[in-house]
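Colleague: make a model of this:
(one chain, ligands or ions: 1)
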Amino acid sequence: MAGTKTLTIIKPGAVRNEFIGPILAKINANGFHIAALKLIRLTREQAERFYAVHREKQFFENLISFMASGQVVVAILEKENAVADYRRLMGSTDPLKAEEGTIRKMFAENIERNAVHGSDSDENAEIECDFFFARSERFSNFTD
Ligand code: CMP
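Modeller: Below is the predicted model of the structure:
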């Protein structure tokens, strides 16, 4: 059975552009419950740990510098089929390829500054939610 939660990050570019409100509104309008939420600034070390799977990629250094360049909003989003539905709502990693109406089409600057992150599997959603949130910081609508 598909899981009911995913982890999103509203990235520094979108925060700087005052897109926190519009992005959260779009998330709510598409049926997601916000079960946890905070505004934080990642250290380089935290960003490197979060994106460890990309360590060998040529874009890794730019990605880490960008993610540590300002505040981010991290949130746990809940609904049935959360991972796949949120990936559809985000649109393609590259905003040039993202469909009309998706978050990245509306709010991203380019593939490196692409407005939001979303978990890519239920397994990674669990890991990523645990990365940012203690149990006491979560307010789930589901009993899991
Ligand atoms: P995100 O969903 O946060 O996961 C990894 C990030 O790496 C991705 O969004 C992009 O911001 C970035 N990324 C992925 N592929 C590329 C690429 N080909 N060139 C530059 N950045 C990329």
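Colleague: could you use CA atoms for every contact and neighbour count after this?
Modeller: Noted.
Colleague: can I get the host helix or strand of L24 in PDB? Just the C-alpha atoms.
Modeller: Using DSSP states H and E, L24 maps to helix 20-29. Output of helix 20-29 as PDB, limited to C-alpha atoms (Å, rounded to 0.1, in the frame of the first residue of the first chain):
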ATOM      1  CA  ILE A  20       6.400  30.400   1.100                       C
ATOM      2  CA  GLY A  21       2.700  31.400   1.300                       C
ATOM      3  CA  PRO A  22       1.800  30.800  -2.400                       C
ATOM      4  CA  ILE A  23       3.500  27.300  -2.300                       C
ATOM      5  CA  LEU A  24       1.900  26.200   0.900                       C
ATOM      6  CA  ALA A  25      -1.500  27.500  -0.400                       C
ATOM      7  CA  LYS A  26      -1.100  25.400  -3.500                       C
ATOM      8  CA  ILE A  27      -0.100  22.300  -1.400                       C
ATOM      9  CA  ASN A  28      -3.200  22.700   0.700                       C
ATOM     10  CA  ALA A  29      -5.400  23.400  -2.300                       C
END
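Colleague: now that helix: buried residues?
Modeller: For helix 20-29, the neighbour count (16 or more other CA atoms under 10 Å) marks I20, I23, L24, I27 as buried.
Colleague: averaged pLDDT, stretch 75-91. What do you get?
Modeller: For stretch 75-91, mean pLDDT is 98.
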